[in-house]
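Visitor: Sequence first, then the predicted structure:
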Amino acid sequence: MADLTTTFAGIRSPNPFWLASAPPTDKEYNVRRAFEAGWGGVVWKTLGAEGPPVVNVNGPRYGAIYGPDRRLMGLNNIELITDRPLEVNLEEMTRVKADYPDRALIASIMVPCEEDAWRAILPRVAETGADGIELNFGCPHGMSERGMGSAVGQVPEYIEMVTRWCKRYYDRPVIVKLTPNITDIRGPAQAARNGGADAVSLINTINSITSVDLDSLSPEPSIDGKGSHGGYCGPAVKPIALSMVSDIARAEGTRGMPISGIGGITTWRDAAEFLVLGCGSVQVCTAAMTYGFRVVEEMKAGLSAWMDEKGYASVAEVTGRAVPNVTDWQYLNLNYVTKARIDEDLCIKCGRCYAACEDTSHQAIAMSADRRFEVIDAECVACNLCVDVCPVEDCITMTRLAPGEVDARTGKVVTADYANWTSHPNNPAVTATAAE
Amino acid sequence: MADRARGGIAAARLSPQEAEAGFADLHPPLDRRAAAVAADRCYFCYDAPCIAACPTGIDIPLFIRQIAGGRPEEAAKTIFDQNILGGICARVCPTEDLCEGACVREEAEGKPVEIGLLQRHATDSLMAAPQHPYRRAPDSGKRIAVVGAGPAGLACAHRLALHGHAITLYETRHKPGGLNEFGIAAYKATGGFAQAEVDWITAIGGITLETGRRLGADLTLEALRDSFDAVFLGLGLEGVNALTAEGAELEGVADAVGFIAELRQAEDLTALPVGRDVVVIGGGMTAIDAAVQARLLGARSVTIAYRRGRARMGASRYEQDLATSRGVRILCNLRPVAVHGTDAATEIELARTVETGAGLVDTGEHLRLPADQVFKAIGQRLVLEGGPAQRGGRIAADAHGRTSIEGVWAGGDCVSAGDDLTVWAAAQGRDAAEDIHASLMRAEAQPTGARIAEAARGIAAAPRGAMTALDRRQT
């Protein structure tokens, strides 16, 4: 059995599965249940400054996007940071950490961008025995209107400044949680590193309106006929998160910085994908909110089995393994030529590949009167749309043309050589260089 | 007191509760949620095979997509535009042989999209609305006689009324509905659905129903042709084929269609007498409906005896399985040779048969089964003196329902084309109505039927023409 023990930015946990800072981690009761269920760590629901706590709306806080059979694909929330007194949270954290010393307990913090505010709260957090802190620069709703959350995460200078304060007044690991509501995640990540952050975590939620009630014309979730954008999470956001994680893992300035991956992780497979794209731990929220804490069992067992299968002994060995395979478009091999192949035995004759190709793509599939479907190599650009819309797994596959074969579309002989856009004759930059 | 064991033909073999449970809706309707899940399974196929398999050419993927979009009423419009009897068809169509049999998910996983139940979900939604969804065109001044208020006549009358014509709908029986009302198993159209559907269809207006009027009795084709602009014949098959077996005249030997009709009209099912040991002769849907219902009335044993092999049975495999699941025994390759009994039937004697190159022959082996009631379900035939030319014992009609007589159209079971199914009758009634309309108004007939392939995309009008990708390469 593979060892799932994780050391992330110096924080140890029995497995890489942490619960993200969110409603499931708002109270001692929930967190104890999570640890009993086997979660490796918990990022406590975000703490605010001393004083009267924030208030939440008294109507719905969540909105949902459903897939078939009412499967929850995306969740949106307008809940703010913890609305319980700081004192109570700190006491509970202290008790929980004492009872579960082997688990990671991280305090998420969001206070105003003033040095005094951070200097005031950090020693109190340190007293709880928490293993580290996570700076909430991500929440896009409510708190951002008050200059906190994503309002900070969208300004790299603020990220760097606050991170620096935290490193000054707190001696355990500092994780900066990033907002995806920016144009290039590398800027904020670099700022965190410049400020001395030990790690980043991402993504926080995405600005979103889940739906509009077409009778009342109110956005959802609706509070007395009005709605406000919330933060979007759940399975639907995973591809966005994976891309941002890989950006940070690849960028020169942030390469090697520990990343805690967040965004729609629902099964072990999702988690493994985050790990191989550079994450050292993962954080889960929506899956737990949808199915309860026991989902972690499948995640642990699945990840462990996959690691055994592949011969990976530890989580550290898995982290970042796929990063070298993420590249820029300009370096993709243009001599990699494939064609769609339809397995007639598996085909159920629905014709979706034909509709997709004929109506919206390259007219590269022929349909006979008796509903047999055949790829026209001379038209097929290998776009993969037919594969994507086919309801039968492996019925349509992309087959690589071997070197020496002729691509019927271009009439050119396929070569084994690697060649990309940077050297392609149609690239104006290539011509310019040649002319010099 | 219910008593299943009493010999002979007797009523009250089961309690009212047992009767109610047995004759309940065969497939309870899908609720909104179940419909959404079922609808999601549809792949929205290109030129979907299910559309081609539907005799009325309903755009099935479209209506399912409308259900998925939360608009079952619009889905129903898609259905009714093609088939105004979509409600009963959703209940009685042998979908396993039609749309669901053609569904690609049947091929993929042996579990087709539940098209029948989805169609019922849609049509029930719209039929529950207070308004009839179609508005009759302004009165055309044309009058058309529709003879037979079964599925073909109703479909024809509704489509003609839609075009503004005035229809007189003649029906032999005391009630309209035809086989939907008198001829199918009760558990397929519960809650008085057949009558409710007739009321709903005729709510379009312009349709005058006259019951108790029979062609050949108080109606003649000549008189109808004289007093109407057109005549549509949607006659049922009233003749029942005779059983050529010794003792066929004994008490207890009866027509299955009569038994089903009586059952369908019965107020109290427990008052309906049924044999203790029932044998049904035949292999079609009528045999199944009679056998299953005899069993549901409390018969101790019910056997279907069919003279050929099981593969030749007219009833679909699904119907056969339904029967066996209700405790009906299906015996094949058995031909009735005699019914035994002094006054009333007590036994039936059957000869074993075998299919040979020379046809069906007896093997010489005989067996006897206890039978105090024997139902004949060996086919019905058209009873029509004179009238249009016939082919194979039915009226010969072309694709538009035109017969050999000018101004007389026909459709449904009385014509030789198509299968004896409600959905075929609905298609033929509709198509004849369009042709009658075009002919009376000297208009171009509107295309009916499935809109797939070129028809669905107006390719003929497209600038590029109907070229395939291969053609394009060659130009």
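Guide: Arrived safely.

Visitor: how many other residues sit next to residue 26?
Guide: This is for chain A. The local packing of residue A:26 (other Cβ atoms under 10 Å in any protein chain shown) involves 20 other residues. To be clear about C-beta, it is placed using only N, CA and C from the backbone, and glycine gets the same treatment.

Visitor: oops, chain B please
Guide: Considering only other Cβ under 10 Å, residue B:26 is surrounded by 15 other residues.

Visitor: can you check the one 4 residues further on too?
Guide: A count of nearby residues for residue B:30, using other Cβ under 10 Å, gives 21.

Visitor: Then residue A:65?
Guide: The tally of other residues near residue A:65 (other Cβ under 10 Å) stands at 18.

Visitor: now residue A:28
Guide: Using other Cβ under 10 Å, residue A:28 has 17 neighbouring residues.

Visitor: which residues sit in contact with it?
Guide: Contact partners of residue A:28, counting by Cβ atoms under 8 Å, 6 or more residues apart in numbering or on different chains, are A:92-93, A:95-96.

Visitor: Of those residues, which belong to helices?
Guide: Using DSSP state H, A:92-93, A:95-96 are the members of the contacts of residue A:28 that sit in helices.

Visitor: residues touching the residue of the stretch 1-150 of chain A found nearest chain B, list them.
Guide: At 4.2 Å from chain B, residue A:68 is the closest residue in the stretch 1-150 of chain A, using Cβ to the nearest Cβ. Applying Cβ under 8 Å, 6+ apart to residue A:68 gives the contacts B:37, B:40.

Visitor: next SSE after the longest strand anywhere in chain B?
Guide: Longest strand in chain B by number of residues (criterion: DSSP state E): strand B:359-370. Following strand B:359-370 in sequence order, the next helix or strand is strand B:373-376 (DSSP states H and E).

Visitor: And the next helix or strand past that next one?
Guide: Next element after strand B:373-376 (DSSP H and E): strand B:380-381.

Visitor: quick one: least confident helix or strand in chain B?
Guide: None of the helices or strands of chain B scores lower by mean pLDDT, DSSP states H and E than helix B:469-474, at a mean of 44.

Visitor: Reduced to three states, what does the closest residue to residue B:26 other than its chain neighbours come out as?
Guide: Leaving aside its sequence neighbours, residue B:26 sits nearest to residue B:187 (Cβ to Cβ, 6 or more residues apart in numbering or on different chains; 4.5 Å). Under DSSP: H, G, I helix; E, B strand; the rest coil, the three-state class of residue B:187 is helix.

Visitor: Next, the contact list for residue B:187, please.
Guide: Residues near residue B:187 by Cβ under 8 Å, 6+ apart: B:22-26, B:292-293, B:296.

Visitor: how far away is it from chain A?
Guide: Here the criterion is Cβ to the nearest Cβ, to the nearest Å. By it, residue B:187 lies 29 Å from chain A.

Visitor: Flag every residue of the stretch 1-150 of chain B that's near chain A.
Guide: B:33, B:37, B:40, B:43-49, B:104-105, B:107-108 (Cβ under 8 Å from any Cβ of the partner chain).

Visitor: Give me the subset of these lying in helices.
Guide: Short answer: the residues of the stretch 1-150 of chain B next to chain A in helices (DSSP H) are B:33, B:37, B:40, B:49, B:104-105, B:107-108.

Visitor: Of those, grab the buried ones for ChimeraX.
Guide: In ChimeraX, this line selects whichever of those come out buried by 16 or more other Cβ atoms under 10 Å in any protein chain shown:
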select /B:49,104,105,108
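
Visitor: Please dump the ones in helices among the residues of the stretch 1-150 of chain B next to chain A into JSON lines; it should also carry pLDDT for every row.
Guide: Shown next, in JSON lines, are those (pLDDT from 0 to 100):
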{"residue": "B:33", "pLDDT": "92"}
{"residue": "B:37", "pLDDT": "93"}
{"residue": "B:40", "pLDDT": "95"}
{"residue": "B:49", "pLDDT": "96"}
{"residue": "B:104", "pLDDT": "97"}
{"residue": "B:105", "pLDDT": "96"}
{"residue": "B:107", "pLDDT": "89"}
{"residue": "B:108", "pLDDT": "91"}
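
Visitor: Could you find the closest non-adjacent residue to the residue positioned nearest the centre of chain A?
Guide: In chain A, the residue lying closest to the centroid (Cα atoms, centre = their mean) is residue A:241, at 2.7 Å. Nearest-residue entry for residue A:241: residue A:263, 2.6 Å, with adjacent residues in sequence omitted and distances by Cβ to Cβ, 6+ apart.

Visitor: surely that neighbour meets residue A:235?
Guide: No. Using Cβ atoms under 8 Å, residue A:263 is not in contact with residue A:235, being 9.2 Å away.

Visitor: Show me which of these two is the more surrounded one.
Guide: residue A:263 (31 against 22).

Visitor: Enumerate every residue touching that one.
Guide: Neighbouring residues of residue A:263 by Cβ under 8 Å, 6+ apart: A:202-203, A:233, A:237-238, A:240-242, A:274.

Visitor: circling back: pLDDT score for the residue nearest to residue A:241?
Guide: Looking at residue A:263, its pLDDT stands at 98.

Visitor: What ranges in the stretch 251-400 of chain A fall below the confidence cut-off?
Guide: Within the stretch 251-400 of chain A, no stretch has pLDDT under 70.

Visitor: so where do the strands sit in it?
Guide: Per DSSP state E, counting those that start in this stretch, the stretch 251-400 of chain A carries strands over the ranges A:259-262, A:279-284, A:338-342, A:365-367, A:373-375, A:396-400.

Visitor: Columns mean neighbour count and distance to residue A:293 on top of those, output as CSV?
Guide: Below are the strands of the stretch 251-400 of chain A laid out as CSV (neighbours: other Cβ atoms under 10 Å in any protein chain shown; distance: least, Cβ to Cβ, whole Å):
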stretch, mean neighbour count, distance to residue A:293
strand A:259-262, 30, 17
strand A:279-284, 28, 10
strand A:338-342, 20, 43
strand A:365-367, 21, 47
strand A:373-375, 20, 46
strand A:396-400, 16, 39
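
Visitor: who wins for proximity to residue B:92 among those?
Guide: strand A:365-367 (33.4 Å; Cβ to Cβ).

Visitor: List the buried residues for stretch B:391-401?
Guide: If you call a residue buried by 16+ other Cβ under 10 Å, then stretch B:391-401 has these buried ones: B:394-397, B:400-401.

Visitor: Would you mind confirming that residue B:118 makes contact with residue B:62?
Guide: No. With contacts counted by Cβ under 8 Å, residue B:118 stays clear of residue B:62, the gap being 11.8 Å.
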